[in-house]
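> okay, here's the prediction I keep looking at, along with the sequence it came from:
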Amino acid sequence: MPALLVEIGVEDLPAEEAEHVAQAFRDNLLSGLAGARVPHGKAHLFWTLRRFALLVEDVGERQEDVVEEIRGPAVAVGLDSQGNLTPAALGFLRRYGASPEKLVRRKVGDKEYLFLRVEKAGRPTEEVLREIVPQAVREIPCSKFMRWNGGMAFLRPLRWVVVLFGEKVVPVELAGLIAGQESAGHRFFGQSVRLFRPEEYVAKLKEVRVLADPRERAEVLRAAIRAVEEEHGAKAALSEELWTMILGQTEWPKPVVGRIPQEFLSLPEPVVVAALREEGKFVPFTRQGRIAEVFLGFAEGDGEPELIRRGYERVVGIRLRDALEFFRKDRERTLESRVPELKGIIYEARLGTVWDRVERIRRICQVLAEKLGLPRELLDRAAFLCKADLLTVMVREFPELEGVMGGIYARLDGESEEVAQAIAEHVRPRGKSDELPQSPLGLALSLADKLDGVIGPIAVGEIPTGSRDPYGVRRRGSAVVRLILEKGLRLNLFSLIAEVRSYYPGTTPVEEVQKFLWERLRSALEERGIAYDVAEAVLFRMDGDFLGVWERAQALQALVGKKELQDLALAFGRVRNITRGHEVEGFTPDLFQEEAEHVLWRAYLSVKKEVEGAMAEHRPAEALEALLSLKDPIDRYFDEVLVMCEDRKIRENRLGFLTELSHLFLQVADLSRLVVPG
Amino acid sequence: MKTFQDLILALHDFWRRQGCAIVEPYDLEKGAGTFNPATFFGVLGPRPWRVAYVEPSRRPADGRYGENPIRFGLHHQYQVILKPPPSDIQDLYLRSLEAVGIELRRHDVKFAHDDWESPTLGAWGVGWQIWLDGMEITQFTYFQQMGGVDLDPVSVELTYGLERIALFLQEEDSAFDLRWTEWLTYGEMFRERERQFSIYHFEKASVERARTMFEFHEAEAKECLSQGLVFPAYDHTLRCSHLFNTLDARGALATAERESYIARVRALARGCAEVYLAEVVRAGAPR
């Protein structure tokens, strides 16, 4: 069977997104083929920033034929006693424009029905491609959609399409383009190229200076990096982002090695690394924890290496000369001496200056030091200095070095290592995937910093709504939740917030802040794969111990889909339903009348200890495990006991017991909120 | 060898042949050629539009006292607007580089993802920085929105950094050594100016007066808008934008307050775009 090649030509995609786009295209196209019942063999994905292409082996020339059977009236209704079609059956045939010989009899359960057999002949694959190729492109999820000319929206303008099915061109239409067999070569070093067979794609493109196979490009990059590492006894300071960038930036990468002039090598390593990596431009190298004098760039195509090297070195020199100057200027003064100047920077009209912000962070830190058992004076020193690097030129120029520079300058000023590290770490996490602080002081300072950024704006009424969040309150709220969940911080966030609320102006009640963070917790659970109903079950009432909520959610999530949990949820649902609105305090086993009551009572007593013990030690999975054994006694109870009986005393006693039982469950979760199939 | 002015003239010539109206810089301080009314208003509405011009662009925070070879508080942009953009726009742009004397096949040219956004103008677009041997020489943007208004058709904006391109053409390392014309260097023209403006913007500018002036121009812009006087309103918006840049360079604004200033300028820009579309474009009045 023939192979299929689909290539989509685009204006340069963002290097960091090109691979995602290509993968989504592959997934869409293959599921398109599957959905259209076109059989196929192995698929190979190729991409650069200017194209993505899928080569599929052994593609069927037609869709597979299908036979559908449509259920009509029951035989008893559709046929009369002589076996002739009744008006009901005739009507059914008319509806589908079919003739009687297409009717068959099929049993469904114990009843026989008339079925209409409809045979659908498969269409030629070429025809199918005209539908599924455009759809596969349109359904690629892009980080941002743009319009150019005409209808379609995509990440970047589409400029050509190749669809070859065997040796045949399939003129698929997409975004005003008609697919042909002409692909583009390298922008400067190759011409356009005519493709005759899908299989020759990679080789033909190589002739026009395009390495369409990312594995081949990766090999070029790796070989070049290795060569520099070996020649200079240094190690590449790669990051995942940098690798993605250099892999995505070129169609025909040519390594160019440049040198960093001696005068810049005295700069702190993070500064040089940041300057070189900026925008994914160059690969820095380090040797024994210090920056090495070489760097590596990858040119697009076969330009003149000497000329390009000079250009690279000039760019690096310009940026590092800047950095050196910033560093010299910044070092003229200590961080400490800058702190009072924070009074000159307004943070927000109602929330005062950055100095005021630092004061509040210090006070939150005091509370945290006590709650988390941290050295109060060191933490306070770090908090006092943490924003001073905002006044340095380096941070103004390389905002990503905020905090990092504070740490470096603090160390040079002779501050203690713990203080320097806490300052360096307090800005983390900057984003969703950023690392968290490592040191306990850094963690506390970061938490205080983020909390101030949440409480402050909300206190003065800036609660984010919809897409409006000018103060980045949501991002900070998510960071607070991440710090607590991922660093395992056992503390009551709500009482902490209540304790510090008085440091803030504004009239928004403290509950608004708590509610806001509670919602952040909800999305954090969702992002971590907690099912919606599980989240509901643990979030049913607000609780300042976020870590505990998270642990309970995990314990519950681990049992999702298990029958024993579903059964327990149903059983508890009965308890919850009958006690809701009828909570009664107190009961006595002396008033129990039925055996089932005593059975449940005994089961409850033995489980209660286990549950409370496990919960006290933050082991909700064990508590849940213990609760599972209550399922049978509860079911029996409801089968045999009439809770809402006539006798008021007996009734209240039963409700009192069930209320207490439900309170035990609710220490773990409100299982009645779980969605149980059935 | 090409002088700075030869470069400008070559670009004028190239884009003139592409049907662009060659217009002049606008006579108010602004951070980028995008703020020139020929761009701000030109990209709004349905009418096809092609213009090219040089724009001296002031970014106080980028000043370096005339001591940095390539950073200035005022630099020169060459700005092109193509509305709607032709489908070979990337090639067309590259041909313009060849037209000014850059032999592309000798160099490393990349279209590096850089989506442009001007929060103060309420504008955004997607596109690239063009890197020539690693140096950004052009911002290439498909505008999607201006003044908060979705554009239809969209425009392409090309913004060339003239100093940077001239460095390549004249094989110099410092912009101050560039020849503006045979008898005049860039340094002679601009170095002292750079020094003084850096002192002013970083050390001397009165924060208090800048804030007051901002308030004044904001009020004036609002008043003009309420009278339907969109062009005067826009001029005051530009002044607000520059005063904001001044305050920013002076280090007088922390993140949150910065946001609120940006939002205030954006509200004015949005107002200008809306009034322009409603009263000027709809009425078919000459622009």
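Yes, it's here.

> B:L247: neighbour count?
Using other Cβ atoms under 10 Å in any protein chain shown, B:L247 is surrounded by 23 other residues. Heads up, the C-betas are built off the backbone N, CA and C, glycines and all.

> and what of A:A153?
13.

> for it, list the residues it contacts.
A:145-147 (Cβ atoms under 8 Å, 6 or more residues apart in numbering or on different chains).

> top of the residues you listed by neighbour count?
The most crowded member of these, judged by other Cβ under 10 Å, is A:M146 (21 neighbours).

> for it, grab phi and psi.
Backbone geometry at A:M146, expressed as degrees, to the nearest 10, gives phi -120, psi 160.

> before we move on, the earlier item: can you tell me which of the contacts of A:A153 is nearest chain B?
Ranked by distance to chain B (Cβ to the nearest Cβ), those are led by A:M146 at 4.5 Å.

> so that closest one bridges to which residues?
Taking DSSP bridges as the rule, A:M146 bridges to A:F154.

> surely it is in contact with A:L158?
No. Between A:M146 and A:L158 there is no contact under Cβ atoms under 8 Å: 11.1 Å.

> part of a helix, is A:P633?
Yes. Checked against DSSP: H, G, I helix; E, B strand; the rest coil, A:P633 lies within a helix.

> which ones are touching it?
A:596, A:599-600, A:603-604.

> I'd assumed B:H217 was in contact with B:L243.
Yes. With contact defined as Cβ under 8 Å, B:L243 reaches B:H217; the gap is 6.9 Å.

> show the pLDDT at A:F572.
Turning to A:F572, the model gives it a pLDDT of 95.

> name the element A:G456 belongs to?
Assigned by DSSP states H and E, A:G456 belongs to helix A:440-459.

> does stretch A:414-427 reach chain B?
No. With Cβ under 8 Å from any Cβ of the partner chain as the criterion, chain B is not reached by stretch A:414-427; the gap is at least 12.1 Å.

> mind listing what's buried along that stretch?
Buried positions in stretch A:414-427, judged by neighbour count with 16 or more other Cβ atoms under 10 Å in any protein chain shown: A:415, A:418-427.

> before we move on, what about stretch A:34-46?
Quick answer for stretch A:34-46 (16+ other Cβ under 10 Å): A:36-38, A:40, A:43-46.

> give me the secondary structure label for A:V6.
Quick answer, by three-state DSSP: A:V6 is strand.

> how close does it get to A:P134?
11 Å (Cβ to Cβ, to the nearest Å).

> for the strand or helix carrying A:R475, packing partners?
Here A:R475 sits within helix A:473-486, counting by DSSP H and E. For helix A:473-486, the elements it packs on are helix A:440-459, helix A:510-527, helix A:546-557, judged by 3 or more Cβ pairs under 8 Å, 6 or more residues apart in numbering or on different chains; DSSP states H and E.

> turn those helices into CSV, including mean pLDDT, distance to chain B and mean neighbour count.
CSV is the format used below for the helices and strands packed on helix A:473-486 (pLDDT from 0 to 100; distance: least, Cβ to the nearest Cβ, whole Å; neighbours: other Cβ atoms under 10 Å in any protein chain shown):
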stretch, mean pLDDT, distance to chain B, mean neighbour count
helix A:440-459, 96, 8, 26
helix A:510-527, 95, 17, 19
helix A:546-557, 97, 26, 21
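
> just put the ones you listed in CSV and tack on distance to A:E486.
Formatted as CSV, the helices and strands packed on helix A:473-486 follow (distance: least, Cβ to Cβ, whole Å):
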stretch, distance to A:E486
helix A:440-459, 10
helix A:510-527, 10
helix A:546-557, 9
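
> tell me how many other residues crowd A:G83.
So A:G83, with other Cβ under 10 Å, has 7 neighbours.

> so where is the stretch 551-678 of chain A shaky, pLDDT-wise?
Scanning the stretch 551-678 of chain A with the threshold set as pLDDT under 70 gives A:678.

> so where do the strands sit in it?
Remark: strands of the stretch 551-678 of chain A are absent; assignment by DSSP state E, counting those that start in this stretch.

> so what's the residue positioned nearest the centre of chain B closest to, chain neighbours aside?
Of all residues in chain B, the one closest to the mean position by Cα atoms, centre = their mean is B:A32, 1.9 Å from it. In this structure, B:A32 finds its nearest non-sequential neighbour in B:S57, 5.0 Å apart by Cβ to Cβ, 6 or more residues apart in numbering or on different chains.

> after the helix or strand containing the one you found comes which helix or strand?
Using DSSP H and E, the element containing B:S57 is strand B:49-58. The helix or strand immediately downstream of strand B:49-58 is strand B:74-83, counting by DSSP H and E.

> any idea how far that next one is from the chain center?
Distance of strand B:74-83 from the chain centroid (Cα atoms, centre = their mean, to the nearest Å) equals 6 Å.
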